[in-house]
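Chemist: Quick one, structure for this:
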Amino acid sequence: MTPLPPGGSHGAARAGHDATGPARDTGRARDEEARRDGLGAAGLTPDEETLYEQLIDCSPATADQVASLWTVAGLRPEPLPALLGSLEAKGLITRTSDEPARYAAVAPEVALDVLLGGAERRLLQAREHAAELDRAYRRRATGETPPVVVEVVTGQRAVQQRHAQLQRAAAHQLRCLSKPPYFDPAASVTAHRELLARGVTSRMIYEREFVDRPGALRQIETMVGVGQQARVLPALPMKLYLIDDRFALLLLRHRPDDPGADAALVVHPSGLLQALSRLFEGLWQRALPLRLRPPAPGGPSRARHPGHDDERLIALLVAGLTDEAIARQLGIGYRTAERRIADLMSRLGAHTRFQAGVQAAFLHPPPSE
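Modeler: A predicted model of the protein is given here:
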């Protein structure tokens, strides 16, 4: 029998899971999440799960035999007595009365079904309690006490935590005005992947300044590649997140030298939230689409007009970047960038760089548009 790593047989799935790979569908995302969580939903710790799976493979076994397996796996044997007692109390293993006592795993179909049934009942009770709290909150909001329209969140850490919490709460759509300051890009990409895997629509308007940042083009391509709809404007009035039609997060103040001075507003359902929603939709109509697709994995650019290389060039022209900035983003020389821009304008019959970008963007919109 091969000793199992901490976290059970699902440990390999957890370690091998590609948290940055494009999500294929909601069902697959749920399966991956279940593999990462193991039997935590049934109330088992990773060590308890590991021990239970070892006993499934080697039942019956004495405590000394289990300790040997545990040690071979590189784990400390000291917690074993407590773990064996915990598994027995949870009905996952049985112990014989002879000496030395032998431990055997109870069939998962029986033992885990009981534990999961209890977990489901507790979850249902928690949902019912949450619904009661929500009803109490709404009664207060519609009673004599003025409704809570705006929360003020202060401090960099609190603002970032609230941002992550609200983003995860999106059920239907997430709309964003992207301008400085920027949150952790890697965390943002991961969060958007999870949302899109759940079927949440994501629409982002980028400010030109962001598109000019190093690596921005690749980040936008990644986001569009997992389903985000992206557009660009020369300037945006604020940094804003709209979560469904339920909440908005509006950044008020950011001071890099004083994280405690950061402040944001969380706007609840109200006329103010409706106004922010209308503002976004108006800007969305004015913004120009960024026609970007990730290149074919391990192969040449897509053989379609205007082609993947042209798509990247068009996106940067639409964003209004200079020739120097375009060369930096594409990783090519300034003269090469000039020649490619001139060639694109000639093929499109455009007289100006901006006209070429706009004409190409609207003649060949991305599928999500």
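Chemist: can you tell me the helix or strand for L174?
Modeler: L174 belongs to strand 173-178 when assigned by DSSP states H and E.
Chemist: Likewise for L217?
Modeler: Judged by DSSP H and E, L217 forms part of helix 216-225.
Chemist: How about T94?
Modeler: Counting by DSSP H and E, T94 is part of strand 93-95.
Chemist: Pairing partners for that strand, with directions?
Modeler: strand 102-105 (antiparallel) (DSSP bridges).
Chemist: Helices along the stretch 51-200 of the chain, start to end?
Modeler: For the stretch 51-200 of the chain, applying DSSP state H, counting those that start in this stretch gives helices covering 63-72, 80-89, 108-142, 156-169, 185-197.
Chemist: Give the buried residues for the second one.
Modeler: This points to helix 80-89. 80, 83-84, 86-87 (16 or more other C-beta atoms under 10 Å). For glycine as for every other residue, the C-beta is placed from the backbone atoms N, C-alpha and C.
Chemist: Just put those residues in a markdown table and tack on pLDDT.
Modeler: What follows is the buried residues of helix 80-89, written out as a markdown table (pLDDT from 0 to 100):
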| residue | pLDDT |
| --- | --- |
| L80 | 82 |
| L83 | 86 |
| L84 | 87 |
| S86 | 87 |
| L87 | 83 |
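Chemist: burial measure for the spatially closest residue to A171 that is not a sequence neighbour, as a count.
Modeler: Of all residues not flanking A171 in the chain, D244 sits nearest, at 5.7 Å (C-beta to C-beta, 6 or more residues apart in numbering). Close neighbours of D244, defined as other C-beta atoms under 10 Å, add up to 17.
Chemist: Over to I56?
Modeler: I56, neighbours per other C-beta under 10 Å, totals 19.
Chemist: So it sits against A105, correct?
Modeler: Yes: taking C-beta atoms under 8 Å as the definition, I56 is a contact partner of A105 at 4.5 Å.
Chemist: circling back: buried residues of the helix holding L217, list them for me.
Modeler: 216-217, 219-224.
Chemist: again with stretch 232-249
Modeler: Buried, per 16+ other C-beta under 10 Å, within stretch 232-249: 232-233, 236, 239-244, 247-249.
Chemist: For the most centrally placed residue in the chain, list the residues it contacts.
Modeler: The residue lying closest to the centre of the chain (C-alpha atoms, centre = their mean) is A191, at 1.5 Å. Contacts for A191 (C-beta atoms under 8 Å, 6 or more residues apart in numbering) come out as 164, 167-168.
Chemist: Also L290?
Modeler: 206, 220, 224, 230-232, 315, 318-319, 361.
Chemist: cool, and Q165?
Modeler: Counting by C-beta under 8 Å, 6+ apart, Q165 has no contacts.
Chemist: make it 10 Å
Modeler: Residues near Q165 by C-beta atoms under 10 Å, 6 or more residues apart in numbering: 243, 247, 249, 266.
Chemist: Show me what the helix holding L217 is packed against.
Modeler: helix 185-197, strand 201-207, helix 208-211, strand 229-233, helix 307-318, helix 323-330 (3 or more C-beta pairs under 10 Å, 6 or more residues apart in numbering; DSSP states H and E).
Chemist: Now do it against helix 185-197: the angle between them, please.
Modeler: 20 degrees (axes from the mean of the first three to the mean of the last three C-alpha atoms, to 10 degrees).
Chemist: how about helix 216-225 as PDB, C-alpha atoms only?
Modeler: What follows is helix 216-225, C-alpha atoms only, in PDB (Å, rounded to 0.1, in the frame of the first residue of the first chain):
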ATOM      1  CA  ALA A 216      -1.400  45.300 -19.700                       C
ATOM      2  CA  LEU A 217      -2.100  43.900 -23.200                       C
ATOM      3  CA  ARG A 218      -1.300  40.400 -22.100                       C
ATOM      4  CA  GLN A 219      -3.500  40.700 -19.000                       C
ATOM      5  CA  ILE A 220      -6.400  42.100 -21.100                       C
ATOM      6  CA  GLU A 221      -6.000  39.200 -23.600                       C
ATOM      7  CA  THR A 222      -6.100  36.700 -20.700                       C
ATOM      8  CA  MET A 223      -9.300  38.300 -19.300                       C
ATOM      9  CA  VAL A 224     -11.000  38.400 -22.700                       C
ATOM     10  CA  GLY A 225      -9.800  34.800 -23.300                       C
END
